[in-house]
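Participant: Here's my sequence, what's the structure:
(one chain, ligands or ions: 3)
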Amino acid sequence: MTPRILRLAATGAGLAAAASAYDTTGGTWASGDIVLHLQLGRPATPLPDGAADWNAVAAGALDEWNAQLGRSRLVPVPDSNAEVRNGNRINNVVLRPDVFGTAFDSRTLAVTIGFTNRATARFTEQDVVFNSNLTWSSYRGPLRAGTRDLRRVALHEFGHVLGLDHPDEATPPQTVSAIMNSTVGNLEALTADDIAGARALYTTGSSGPLPTLPVIVAQPQSRTVPVGGSYTFSVTATGSGPFTYAWFFRADGSLFAESLPFAIGASYTLGSVQRGDAGTYTAYVRGPGGLTLSNAARLTVSSGPALTPATQLANLSTRGRVEGGVGVLIAGLAVTGSAPKSVLVRAAGPALAGVGVADALPGPRLRMVGGDGRTLAENEAWDAAGAGPAVAAAAQRLGAFPFAAGSRDAALLLTLAPGTYTAVIAGGDPRGGTALVEVYDAEPAATGRRLVNIATRGWIAGETHVLIAGLVVTGPGPRTYLIRGVGPTLLRPPFNLAEALRDPQLELFRGETLLRENDDWDTPLNGMAALRAAAAATGAFALAETRDNFLRTGLDGAMLVTLTPGNYTAKLSGFGGDAGVGLIEVYEVP
Ligand SMILES: [Ca+2]
Ligand SMILES: [Ca+2]
Ligand SMILES: [Zn+2]
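Facilitator: Ligands and ions are numbered 1, 2, ... in the order given. Just a heads-up that it's a prediction; the model follows:
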């Protein structure tokens, strides 16, 4: 038997949708399981869509076809070590530099080579070879320059495995929207034409009406929003459901669109619009009948109220879990200017029980350490040794909630020379608990000696062990802050912290309202330059620019936000419940 070879090429003209009529190769599999040996191996770097490896990507594409099959089913054998050969009656799915000894031409992404029993018109073997000379990835959304999306190519090749051919190369050629067309494009899901083809070949006999493509009845709307304002992009679709949604953002001045990892519903709200959000937003609506793209809505970001240096952080606080060893809370703060500054530092434990914190740390111990590593002061009972009246008076003047007389909450009223300091909060109780560390500027505003940042390191695990930073922005107008949730960078020199969180994510709230979220600071890509510049301007260390392939880390989270006066909280947690030591930082950007 001669193998029949089907090739998928890299580029081609766009095709308009028209009357649908798939094309077939003239054979099918016998009813039952179609076993494919997935032998694609592991990618060198983690995949943007989160798939564990190439075989998982291929298995996802098989599932998409399986949803349309009646009398047969594609059954993957992941990480198979079956013999790889064309003509062995084993369906091999492999990444190779050549097609069983024949070179790939430069435009071919992948081929499917099949054998058919002419007497029965049943397939006996279908091998799929992806061209390993190319750079592969797996992502959603429009095609990206310089990298191939293995998932959509696999979807196409598995269509050949089932017996579908290229409609655009049929006789006569068809003009249909189909993943089975001979060139790869922005289409990344099965269309009604592909589905009709698969059902015609593998119908159950009880075929209902074909699912229809999603039809968008309300498009996302373009808008001009000032910095700090709110923007909700949304889409409404009808047709065969259920639908899933993905949103893509193309920043002004950027050549390509990137997916917004948190925008996976019919609508998504940016609660505090920032300059970097300017660009276009497009929805991908996917249903059983295929995929439809919305119009691109443009967000234009106008200047909000003028920034003012008179606005300050009146109070910085962080809340986190204190345990033994690495579980202590370590808060760093910086005093700038040329003269000493009076500050009130508090470590609340028992006082938190009164405001509904279930696992409040019974007896926090507060120790202030100078930049040279020497301990400046220590406290574990705020009103011991005659300190009570001065601390209580300062707290009242600064609007801090009162500590109970004789409680085991800790506080220090200190005068600090310009420099960097560390407050270490440890707990005497082996069970640990949640503590809150607060730093207050204890002087009247606008003295030229300011608290400009707080950074707190603590243990993070699941949804309950998170680090929360509080910002009280006080003054006549908005001010810009750099907020970071650091983990992967701590794994590297000079930190070398082996327990660091592998993949932190950051959320910003005003009251209970989620304003923004960021998992990895390279999303969106166009924001990175401003984040680097803000770190340099505030003296913050540089964040790791790349993921660690060996440790399979994500990236640190970061956001640069202009905030109007008010109370905000930033929350650092582990992406997907990841656990480890994380660092949350808030910097005032000069
Ligand atoms: Ca084979
Ligand atoms: Ca992350
Ligand atoms: Zn093809």
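Participant: Sketch out the strands for the stretch 451-590 of the chain, chain order is fine.
Facilitator: 451-460, 467-474, 479-486, 504-510, 513-518, 557-563, 566-574, 580-588 (DSSP state E, counting those that start in this stretch).
Participant: Throw these into TSV and include mean neighbour count and distance to residue 350, thanks.
Facilitator: C-beta: built from backbone N, CA, C; applies to glycine. As requested, these are exported to TSV (neighbours: other CB atoms under 10 Å; distance: least, CB to CB, whole Å):
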stretch	mean neighbour count	distance to residue 350
strand 451-460	24	19
strand 467-474	22	18
strand 479-486	25	28
strand 504-510	24	25
strand 513-518	19	30
strand 557-563	24	31
strand 566-574	21	22
strand 580-588	25	23
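Participant: nearest to residue 160, of those strands?
Facilitator: Smallest distance to residue 160 across the strands of the stretch 451-590 of the chain (CB to CB): 39.7 Å, for strand 504-510.
Participant: Contacts made by that closest one with the rest, please.
Facilitator: When contacts are defined by CB atoms under 8 Å, 6 or more residues apart in numbering, strand 504-510 is touched by residues 271-272, 460, 483-488, 514-519, 554, 556-559, 561, 566-575, 578, 582, 584.
Participant: beta partners for the residue in the stretch 251-400 of the chain that ligand 1 sits nearest to?
Facilitator: As assessed by CB to the ion, ligand 1 sits closest to residue 290 within the stretch 251-400 of the chain, at 31.0 Å. Listed by DSSP bridges, the beta-bridge partners for residue 290 are residue 287.
Participant: if you skip the residues just before and after it, what's nearest to the most centrally placed residue in the chain?
Facilitator: When CA atoms, centre = their mean is applied to the chain, the residue found nearest the centroid is residue 519 (4.3 Å). Distance criterion CB to CB, 6 or more residues apart in numbering; nearest residue to residue 519, sequence neighbours excluded, is residue 505 at 4.3 Å.
Participant: Domains in the chain, by residue range?
Facilitator: Following automatic domain parsing, the chain resolves into domains at 4-202, 215-302, 312-588.
Participant: can I get these in JSON lines with mean pLDDT?
Facilitator: Output for the domains of the chain, formatted as JSON lines (pLDDT from 0 to 100):
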{"stretch": "domain 4-202", "mean pLDDT": "87"}
{"stretch": "domain 215-302", "mean pLDDT": "91"}
{"stretch": "domain 312-588", "mean pLDDT": "86"}
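Participant: Let me know which of these is the nearest to ligand 2.
Facilitator: Across these, ligand 2 has its closest neighbour in domain 312-588 (3.6 Å, CB to the ion).
Participant: can you redo the strands of the stretch 451-590 of the chain as a markdown table with distance to ligand 3?
Facilitator: Shown next, in a markdown table, are the strands of the stretch 451-590 of the chain (distance: least, CB to the ion, whole Å):
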| stretch | distance to ligand 3 |
| --- | --- |
| strand 451-460 | 47 |
| strand 467-474 | 50 |
| strand 479-486 | 44 |
| strand 504-510 | 39 |
| strand 513-518 | 39 |
| strand 557-563 | 40 |
| strand 566-574 | 42 |
| strand 580-588 | 45 |
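Participant: JSON lines for the ones you listed, including distance to residue 197?
Facilitator: Listed next are the strands of the stretch 451-590 of the chain as JSON lines, based on distance: least, CB to CB, whole Å:
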{"stretch": "strand 451-460", "distance to residue 197": "49"}
{"stretch": "strand 467-474", "distance to residue 197": "52"}
{"stretch": "strand 479-486", "distance to residue 197": "47"}
{"stretch": "strand 504-510", "distance to residue 197": "41"}
{"stretch": "strand 513-518", "distance to residue 197": "40"}
{"stretch": "strand 557-563", "distance to residue 197": "44"}
{"stretch": "strand 566-574", "distance to residue 197": "44"}
{"stretch": "strand 580-588", "distance to residue 197": "48"}
